[in-house]
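> Model the structure of this input:
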Amino acid sequence: MPIRIGANPIGWSNDDLQEIGGATSLETCLDEAREAGFEGMELGHKFPREPAALKAALAPFGMACISGWYSAELLLRDADEEMAQLRPHLDLLKAMGSNVLVFAETSNAIHGDRGKPLSQRPVMAAGDWAQFGRRITEVAERTLSEGVRLVYHHHMGTIVESEADIDAFMAATGPAVHLLLDTGHASWGGADPAALAARYRDRISHVHAKDVRESVMEQAKAGSWSFLDAVLGQGSDLGVYTVPGDGMVDYPAVFRALPGYSGWVVVEAEQDPEKAHPLTYAKRGVAHLRLSLKEAGLA
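Below you'll find the model as predicted:
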């Protein structure tokens, strides 16, 4: 599969705070995504969850279904229980021809709670990684046997946030588990996304491309903001995340560390659409990704 540029609808409508972008229709989101140059979309809360209806929603815009987020609770349940919970989502992805499953542990996550600063995020005890790793590896092996690769989404406010967390996670999991490299979460979490790309190249099967406004990130750290407060920004100010080319991430360096990569590069730049016009930012992100991929020799 060649590299394809897709989008997550979170730039138009937020999933954690559904009133943000709540008035924007799915049709407007898809129409603007097509105009910006995206070839596919990840799922959001406004998308149908039945295959025929989802295909009917995407077809007029020529959009592929890339994948969709799944909230796992493997700290609380075993692989059999998780597979039972996952089944409807996995079957939907299979019906849509998606070959990756975006997966993250959320049983104790705080990223959706505006009342909790990121400084209170959960931290895994060293002795707990082994069981978690075994459980997620079993789930990944079972989804892969059905043709869908589990790609783990490291995320602010969760147990896999920092570079040390990512290293511990990768060490605890087997080869069936691949990493979703998220340039924005990596940077905010204190890691160099290009270094992560180089270290885990053989186990990276999905890329989320969002940039980071460094000044907002430092404000959020100093002020002990919650994840969502940082994403939305204070007052009329823009938030911490933006599209590629509008922040601190060196995208050519990231892509140079992924030689031979094939698959999706997804712009997942969650912003308040009232402050950051989605179509304008989407076009800017696509243009920068195309230039960066070309500069890195991947396009």
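
> how many neighbours does residue 18 have?
12 (other C-beta atoms under 10 Å). Where C-beta positions appear, they are placed from N, C-alpha and C, glycine not excepted.

> mind listing what the closest residue to it other than its chain neighbours touches?
Using C-beta to C-beta, 6 or more residues apart in numbering and skipping residues adjacent in sequence, the residue nearest residue 18 is residue 45, 6.1 Å away. With contact taken as C-beta atoms under 8 Å, 6 or more residues apart in numbering, residue 45 is in contact with 13, 15, 18.

> Can you show me the helices along the stretch 51-200 of the chain?
Per DSSP state H, counting those that start in this stretch, the stretch 51-200 of the chain carries helices over the ranges 51-58, 79-95, 129-144, 163-172, 183-188, 193-199.

> Mean neighbour count, those helices: which tops it?
Among the helices of the stretch 51-200 of the chain, ranked by average contacts under mean count of other C-beta atoms under 10 Å, first place goes to helix 183-188 (a mean of 26).

> could I have it exported to PDB, CA atoms only?
Provided in PDB are the C-alpha atoms of helix 183-188 (Å, rounded to 0.1, in the frame of the first residue of the first chain):
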ATOM      1  CA  THR A 183       3.900  13.000  16.600                       C
ATOM      2  CA  GLY A 184       1.900  15.400  18.800                       C
ATOM      3  CA  HIS A 185       1.500  13.200  21.800                       C
ATOM      4  CA  ALA A 186       5.100  12.100  21.500                       C
ATOM      5  CA  SER A 187       6.400  15.700  21.500                       C
ATOM      6  CA  TRP A 188       4.100  16.800  24.400                       C
END
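
> And for it, what's in contact with it?
Contacts of helix 183-188 (C-beta under 8 Å, 6+ apart): 153-156, 161, 163, 166, 192-193, 196, 207-212, 217, 240-241, 244, 248-249, 251, 254, 268-269.

> quick one: residue 259 from residue 180, how far?
Distance, residue 259 to residue 180, using C-beta to C-beta, to the nearest Å: 19 Å.

> Among the two, which residue is more densely surrounded?
Higher neighbour count among residue 259 and residue 180: residue 180, with 26 against 12, using other C-beta under 10 Å.

> mind listing what the more buried one touches?
Contacts for residue 180 (C-beta under 8 Å, 6+ apart) come out as 100, 102, 151-154, 204-208.

> will you turn these into a markdown table that also has neighbour count, pLDDT and distance to residue 83?
A markdown table is the format used below for these (neighbours: other C-beta atoms under 10 Å; pLDDT from 0 to 100; distance: C-beta to C-beta, whole Å):
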| residue | neighbour count | pLDDT | distance to residue 83 |
| --- | --- | --- | --- |
| 100 | 22 | 98 | 17 |
| 102 | 25 | 98 | 16 |
| 151 | 26 | 98 | 17 |
| 152 | 24 | 98 | 16 |
| 153 | 23 | 98 | 18 |
| 154 | 25 | 98 | 22 |
| 204 | 20 | 98 | 24 |
| 205 | 19 | 98 | 20 |
| 206 | 26 | 98 | 20 |
| 207 | 24 | 98 | 26 |
| 208 | 25 | 98 | 25 |
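
> which two in the residues you listed are spaced the farthest apart?
Greatest spacing in these, by C-beta to C-beta: 100 and 154 (15.0 Å).

> before we move on, back to that, the residue nearest to residue 18 in helix, strand or coil?
Using DSSP: H, G, I helix; E, B strand; the rest coil, the structure places residue 45 in coil.

> for residue 284, same thing?
With three-state DSSP as the criterion, residue 284 reads helix.

> Was I right to think it contacts residue 243?
Yes: between residue 284 and residue 243 there is a contact under C-beta atoms under 8 Å: 5.4 Å.

> Show me which of those two is the more surrounded one.
Set residue 284 next to residue 243 and count neighbours by other C-beta under 10 Å: residue 243 wins out with 29 against 19.

> how about that one, what does it touch?
Residue 243 sits next to 11, 209-211, 267, 269, 281-282, 284-285, 288 when contact means C-beta under 8 Å, 6+ apart.

> out of those, who's nearest residue 119?
residue 210 (21.8 Å).

> The closest one: how many residues sit nearby?
28.

> unless I'm mixing things up, it is touching residue 182, no?
Yes: Residue 210 is in contact with residue 182 according to C-beta under 8 Å; the separation is 7.1 Å.

> Return the distance of residue 281 relative to residue 151.
For residue 281, the distance to residue 151 equals 24 Å [C-beta to C-beta].
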